[in-house]
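Colleague: pasting the sequence and the predicted coordinates here, then a few questions.
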Amino acid sequence: VEDGKIIADKLNDEAKDHNFADATIYLKDIKNQDNLKNEKVNVDVYYDKKLSNVNVKLILKDETLYVDVSGYKNIKLAESAGIVIKDEHYVKKSKEEVQKTTYDVKELDHKFVKKEKGLLFSVKKMFKNAFLKLLGTSRKGKLLFASFFIAGMIIAYAVMSFAAVAIIDADSYARLPKGYVEYSTLLDEEKPTLAQLEALKGDSKDFFINPYGSGVSLTFLKNDGTKGIETHKMFTHIDHAKKYKLVHGRHATAKNELVVSKVFLDSFLGNIEAQDFGVWNVNGLFNERIEYTNTDAKIVGVVDAKVDLIFASEEFMMVNALGNDILGNDITYWPVEAFENLNLVKGSMPVNKKDVLLNAAQLNNLGYPNIDEITFPLSILLVNPATDEQETYYVTGVHDIEMDYVLVKLDTLKSSILTKTTRNYIYSSNPKLLIHNLKSSLGIEGTDMYKQAIAELKDTRSAMIASAAVTLLMFVGATLVGFYFVMKSSLIQKIYEVAVYRALGVKKREIASSYLIEIIIITTITAFIGYTLMCYILHLLNQSFLGELMMFKINPLTYLIG
């Protein structure tokens, strides 16, 4: 035995190409030894070694060529042996040609292919099993579903009660829509005039002085024209109705046409007094006549405003406010603008602040029996509704209304109301600027009614939110604990079924997911039915007179949150 030792030093030659043998016969690399060619056949004989004593017979019969070879044992047919015959020389291939492939390597990379793992339980099968269990459950199971149903009702009650406290909805709490400013003065304090208030408009595009407050009434008339039911609500200008979405009917086009909010509609239709009067739906409300001047008024539309509100012309508000003795005097003053079909017997319409119209009977009582002999304007003494003292007024004409109305300009009566009332409202598209102008110009403190409503809601509900939240958590917590024990007991009943699946090799995750989907479907369906039913019951309670006592906030948002 000897140690290894170097006996030669040889450097391998670098191969530039590859010489691979294949099953292809290259005819040009073999000598063509013989050829038999005539009109019917062409036979070429190739061989690389000596060939002798080989007999070949070609027989063509029934469209089939038969070959009979004798004198040679190793015989192969090209097609059956998988041999390819080419009339060319063999060419060695380079390394690049050998490595070149006809397929895309990237397509073979499975790095980004999503791995799919089949589950024994399909989601479709889980849903099917859950519904079958709902339909074919035992008496004990039905009792279980009843508990879920009641749990859904409890959750609905807790969620809607908490929402009523936690969600601040200033629109439904405010007395007038957003943009109104309220100001107050003392009874013996000097009141701002209409001209002074109009000077506060500034750059506000929308500005309306509303001294009527809730002094405006809505009186529905019976079939015989006598007064029926009456309601007092806050009023605002009819133009403000166009800022809201129209729900029913149309917008007003005349001074005697009104539009109401959806809140007013729901409240009014749910009123027993209105139902006794014969108003059951919105169409019935549209058909009712409302007291106005020498013509009836009517409601023509409903808008989606959250404030309990009526939209009316200022003429309507003025007439109904005067009907409620807002000026507190015996002389019946009416705005001349409210009488659209007014006819003058003689004279002209009022133009100035102290111009008035009287009828012939009133002039006769004043000592002027023959109106043809009167020269207008005629000076008379009347009680100023603002001061309750007699002052000189000027009769500019004679109206044909039978009632003893003293017709004056609307602004005259509006100025008088402003001097008689201690609390008034002004609407402005820029309430912040209005509050500033009230303080700087008149020394009067103004309050943004919308912001005040939000502040009051926060103050009154801050303490209630904590207690409501505790109540909500107790109800929901107790319900979830009940769900837990119910699901646990249901799973215990499936111990044998789970054991069989585990013995078959089913993964724990698959069994757990199957059970969870099944129990979630069952609990969701049964609890959802109870939840929806309770929401509907609470909605009906809100629409009734009990809604004033029981506070629930029910709308699509709170329903989805629950």
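Modeller: Arrived safely.

Colleague: mind exporting stretch 373-390 as CSV, just the C-alpha atoms?
Modeller: Taking C-alpha atoms only, stretch 373-390 is exported to CSV below (Å, rounded to 0.1, in the frame of the first residue of the first chain):
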residue,chain,number,x,y,z
GLU,A,373,-118.9,114.0,-0.2
ILE,A,374,-115.7,112.9,1.6
THR,A,375,-112.4,114.3,0.5
PHE,A,376,-109.5,111.9,1.0
PRO,A,377,-107.3,111.7,2.9
LEU,A,378,-109.7,112.2,5.9
SER,A,379,-108.2,112.9,9.3
ILE,A,380,-109.7,110.9,12.2
LEU,A,381,-108.7,109.9,15.8
LEU,A,382,-107.9,106.2,16.4
VAL,A,383,-106.2,104.4,19.2
ASN,A,384,-102.6,103.7,18.4
PRO,A,385,-102.2,99.9,19.0
ALA,A,386,-98.6,100.5,20.1
THR,A,387,-99.3,103.2,22.8
ASP,A,388,-103.0,102.6,23.5
GLU,A,389,-103.5,106.3,23.1
GLN,A,390,-105.6,108.2,20.6
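
Colleague: buried residues of that stretch, list them for me.
Modeller: Across stretch 373-390, burial judged by 16 or more other Cβ atoms under 10 Å covers 374, 377-378, 380, 382-386. Every C-beta, even on glycine, is put in place using the N, C-alpha and C of the backbone.

Colleague: tell me the one of the residues you listed nearest residue 296?
Modeller: Checking those against residue 296 by Cβ to Cβ gives residue 385 as the nearest, at 26.0 Å.

Colleague: so where do the strands sit in the stretch 1-150 of the chain?
Modeller: Here the stretch 1-150 of the chain has its strands, by DSSP state E, counting those that start in this stretch, at 17-18, 24-26, 32-37, 42-46, 55-61, 64-70, 84-86, 93-94.

Colleague: would you turn those into JSON lines with mean pLDDT?
Modeller: As requested, the strands of the stretch 1-150 of the chain are exported to JSON lines (pLDDT from 0 to 100):
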{"stretch": "strand 17-18", "mean pLDDT": "64"}
{"stretch": "strand 24-26", "mean pLDDT": "82"}
{"stretch": "strand 32-37", "mean pLDDT": "78"}
{"stretch": "strand 42-46", "mean pLDDT": "84"}
{"stretch": "strand 55-61", "mean pLDDT": "83"}
{"stretch": "strand 64-70", "mean pLDDT": "82"}
{"stretch": "strand 84-86", "mean pLDDT": "83"}
{"stretch": "strand 93-94", "mean pLDDT": "76"}
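
Colleague: wait, which of those strands is closest to residue 430?
Modeller: So among these, strand 93-94 is nearest, using Cβ to Cβ, at 86.9 Å.

Colleague: who does that closest one pair up with?
Modeller: strand 17-18 (antiparallel) (DSSP bridges).

Colleague: if I pick the closest residue to residue 221 other than its chain neighbours, what's in contact with it?
Modeller: Excluding the flanking residues, the one nearest residue 221 by Cβ to Cβ, 6 or more residues apart in numbering is residue 289, at 4.5 Å. Going by Cβ atoms under 8 Å, 6 or more residues apart in numbering, residue 289 touches 220-221, 296-298.

Colleague: just the ones of those in helices?
Modeller: Using DSSP state H, no member of the contacts of residue 289 falls in helices.

Colleague: mind picking the lowest-pLDDT entry from those?
Modeller: Taking these together, the minimum pLDDT is found at residue 296 (88).

Colleague: next, give phi and psi for the spatially closest residue to that one that is not a sequence neighbour.
Modeller: Using Cβ to Cβ, 6+ apart and skipping the chain neighbours, the partner closest in space to residue 296 is residue 289 (4.2 Å). With angles defined as degrees, to the nearest 10, residue 289 sits at phi -90, psi 140.

Colleague: residue 176 too?
Modeller: phi -130, psi 160.

Colleague: heading C-terminal from the longest strand anywhere in the chain, find the next helix or strand.
Modeller: Longest strand in the chain, counting residues (DSSP state E): strand 390-399. The helix or strand immediately downstream of strand 390-399 is strand 406-408, counting by DSSP states H and E.

Colleague: that next one - contacts with which helices or strands?
Modeller: Judged by 3 or more Cβ pairs under 8 Å, 6 or more residues apart in numbering; DSSP states H and E, the packing partners of strand 406-408 are strand 333-335, strand 355-358.

Colleague: avg pLDDT for that strand?
Modeller: The model assigns strand 406-408 a mean pLDDT of 92.

Colleague: which residues touch that strand?
Modeller: Against strand 406-408 from outside (Cβ under 8 Å, 6+ apart): 331-336, 339, 342, 350, 354-358, 362, 382, 399, 401.

Colleague: please check those residues and keep the buried ones.
Modeller: 333-336, 339, 342, 350, 354-358, 362, 382, 399, 401.

Colleague: perfect, I'm done here.
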